[in-house]
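how does the following fold in three dimensions:
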Amino acid sequence: VETHSGQWHSAPKAVPTSNVVDGPLFGNGELGVVLGGPPDAFSFHLGLNSFLAASTSLAKAVGGIDIRIPDMRNASYSAKQNIRNATVSTSFCLRRNFEREKGVSSTLRTLSFVHPQKNILVTSLSWERSVDSPSPSLEIEVAVRGGPPSDFDPHLPVSATALGGA
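A predicted model of the protein is given here:
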């Protein structure tokens with residue numbers, strides 16, 4: 001397991017799906033997460049462990065976090081699923097070579113994991129940009145999707161917290 005990882009160099013296309021997803025997977029055995037979407041509009045699809053099972057055609061995410069960064073349209077896509085640490089990291093890079101924006105680049109990096117005991121998705125986002133690159137606009141939305149499974153507890157807290165950063 002130590003040397004195994006999944007690599008993606010283009011955005012997953014089968015997320016969500018009623019079949020096997022083609023995006024990076026991670027979780028803690030109870031809460032499963034799959035990453036989908038392009039760099040300018042990516043999503044973490046959340047579900048109970050059965051969500052990730054390919055044996056049912058009714059598997060659906062029960063929630064998610066959508067992150068929209070319009071400034072990252074046409075950015076390169078790189079994601080790595082680290083099996084040993086149960087993490088997914090991404091790097092989305094946008095280089096502009098227009099005459100008025102010569103050499104301007106922006107890179108968004110994420111690192112995500114599910115807390116081993118508490119069913120909490122933790123995601124850090126870091127932004128690297130050249131001096132002349134504008135600050136990005138960022139939208140984060142927490143969403144409930146589809147119908148919850150029969151054993152879903154509707155009283156579980158759902159929240160998103162942004163911590164510091166420049």
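
strands of this structure, start to end?
For the chain, the strands defined by DSSP state E occupy 5-8, 25-27, 31-36, 41-48, 63-68, 76-82, 87-96, 104-114, 121-129, 139-144.

for Pro16, which of those is the nearest?
If you check each of the strands of the chain against Pro16 by C-beta to C-beta, strand 41-48 wins as the nearest, at 5.4 Å. Using the backbone N, CA and C atoms, a C-beta is placed for each residue, glycine as well.

that closest one pairs with which strands?
According to DSSP bridges, strand 41-48 has the following sheet partners: strand 31-36 (antiparallel), strand 63-68 (antiparallel).

rebuild these as a markdown table, extending it with mean neighbour count.
Listed next are the strands paired with strand 41-48 as a markdown table, based on neighbours: other C-beta atoms under 10 Å:
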| stretch | mean neighbour count |
| --- | --- |
| strand 31-36 | 24 |
| strand 63-68 | 19 |
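
doesn't Phe113 make contact with Asn85?
Yes. Counting by C-beta atoms under 8 Å, Asn85 does reach Phe113; the two are 7.2 Å apart.

higher neighbour count, the two?
With neighbours defined as other C-beta atoms under 10 Å, Asn85 and Phe113 compare such that Phe113 has more, 20 against 14.

please name the nearest non-neighbouring residue to that one.
Thr87 (4.5 Å; C-beta to C-beta, 6 or more residues apart in numbering).

JSON lines for the strands paired with strand 41-48, including mean pLDDT?
Supplementary listing: the strands paired with strand 41-48 in JSON lines, determined by pLDDT from 0 to 100:
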{"stretch": "strand 31-36", "mean pLDDT": "91"}
{"stretch": "strand 63-68", "mean pLDDT": "87"}
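
for the protein, where's the lowest mean pLDDT among helices and strands?
Lowest by mean pLDDT, DSSP states H and E among the helices and strands of the chain is strand 139-144, with a mean of 72.

which ones are touching the nearest residue to Ala14 once chain neighbours are set aside?
Across the structure, with C-beta to C-beta, 6+ apart as the measure, the residue nearest Ala14 apart from its sequence neighbours is Asp22 (4.3 Å). For Asp22, the contacting residues are Pro12, Lys13, Ala14, Val15, by C-beta atoms under 8 Å, 6 or more residues apart in numbering.

my read: the first one touches Leu25, true?
No. Using C-beta under 8 Å as the test, Pro12 is too far from Leu25 to be in contact (10.2 Å).

for the closest residue in space to Ser91 that isn't next to it in sequence, the count of nearby residues, please.
With C-beta to C-beta, 6+ apart as the measure, Ser78 is the residue that lies nearest to Ser91, at 4.5 Å, once sequence neighbours are left out. Under the neighbour criterion other C-beta under 10 Å, Ser78 is assigned a count of 17.
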